[in-house]
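Visitor: Need the 3D shape of this:
(one chain, ligands or ions: 1)
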Amino acid sequence: MNADALKKMAAEAALRYIQPGMIVGVGTGSTTNFFIEALGAARIHVDGYVASSLATENRLKMQGFNVLDLNGTGDIPVYIDGADEADPHFRLIKGGGGALTREKVVASAARLFVCIADVSKDKPMLGKFPLPVEVIPFARSYVARQLVKLGGSPTLRDGVTTDNGNAILDVTGLDLSDPLRMEETINAIPGVLDNGIFARRRADVLLFGSADGIIERKT
Ligand SMILES: O=C[C@H](O)[C@H](O)[C@H](O)COP(=O)(O)O
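Guide: Numbers count the residues shown, from 1 in each chain. Purely as a prediction, here's the structure:
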C-alpha cells in the first residue's frame, strides 16, 4: 500500500471519535485532507468545525460545512490532525505545512487530540524531521543565530508566509532527547511565535495506517 492509502486508512479510522452534535477541531495537511473527505462521505451531523488554517477552512467550506471561530466555541471535545513525527510518548513534530501555531492552539483547546498518520511517522524518537519554527519576520536573523547557539542549522522556508503573516525556519541538528525542554527553550527566544514540538500538548491517541491495518495507541 502506498503512503496515501495508509493516510486515508488512518483518517477514516478517526471517524470513530466523532459523535453527532460535537464541535470538531480539524488540522492541516494531506492526512487531514483525507479526514475532511471522509467526513463528507460519513454525513455525521456535527455542530461545526474549528479549522487550524485558512487552507483547512476553505476545504471545509467547500464541503458545505459550518466553520466556527475558536473565539466563540470555548474548549472543543476533539481535535483531529496529522503529524510529521510521533514518538512512543505521544510527543510530536508538526508544522511541515507551516500551520503549527494555530494547530497547537486548537490542540490545546481540545479535550482529546487524535493524531492520524501513515506508519512511517511512528518514530522511536523525534528529531529526523527538520523542526519548523514560526518567527516574526523582523526577528528572523536574530532567532536564526540563537537556534545555531542551541546546536541547530536553520534554513528559511523560501517564499512561505504563514496564516499569521510570519516566516518559518526549518531547523536540523537539534538534540531533541528532551522534547519538552527544547520546545520551551525555543519558545523563550524573543521573536519566536511557536515551534513544531508538541510535547506540552501531546496527542492523546495515535492512529497509524499500516499494511497490517490500523495501529491505535492511547495515553
Ligand atoms: O503544518 C502542517 C501540519 O503540522 C501537518 O499536520 C503535518 O505537516 C503532517 O502533514 P501530512 O499529513 O501532509 O503528512
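Visitor: all strands for the chain, in order.
Guide: Assigned by DSSP state E, the strands in the chain fall at 23-26, 48-51, 76-81, 85-86, 92-93, 110-118, 131-135, 153-156, 167-172, 192-195, 197-198, 205-210, 213-218.
Visitor: any idea of the mean pLDDT in the longest one?
Guide: The predicted model gives strand 110-118 an average pLDDT of 98.
Visitor: So for that strand, what gets flagged as buried?
Guide: In terms of neighbour count (16 or more other CB atoms under 10 Å), strand 110-118 has its buried residues at 110, 112, 113, 114, 115, 116, 117, 118. Glycine gets a C-beta too; all of them are placed from N, C-alpha and C.
Visitor: Beta-bridge partners for the fifth one, please?
Guide: With DSSP bridges applied, residue 115 shows beta-bridge pairing to residue 81, residue 206.
Visitor: can you check the first one too?
Guide: The residues listed as beta-bridge partners of residue 110 by DSSP bridges are residue 76.
Visitor: That one and residue 79 touch, don't they?
Guide: Yes. Between residue 110 and residue 79 there is a contact under CB atoms under 8 Å: 3.5 Å.
Visitor: so what's in contact with the two at the same time?
Guide: residue 25 (CB atoms under 8 Å, 6 or more residues apart in numbering).
Visitor: Show me how this protein divides into domains.
Guide: 3-122+200-218, 131-196 (automatic domain parsing).
Visitor: Return the most buried member of those.
Guide: Across the domains of the chain, the average number of neighbours (mean count of other CB atoms under 10 Å) peaks for domain 3-122+200-218, which reaches a mean of 20.
Visitor: Residue 89 against residue 198, yeah?
Guide: No. Look at residue 89 against residue 198 with CB under 8 Å: they stay out of range, at 10.9 Å.
Visitor: List the residues that contact the residue nearest in space to the middle of the chain.
Guide: The residue lying closest to the centre of the chain (CA atoms, centre = their mean) is residue 94, at 4.6 Å. Residue 94 is in contact with 81, 82, 83, 84, 100, 103, 104, 132, 196, 198, counting by CB under 8 Å, 6+ apart.
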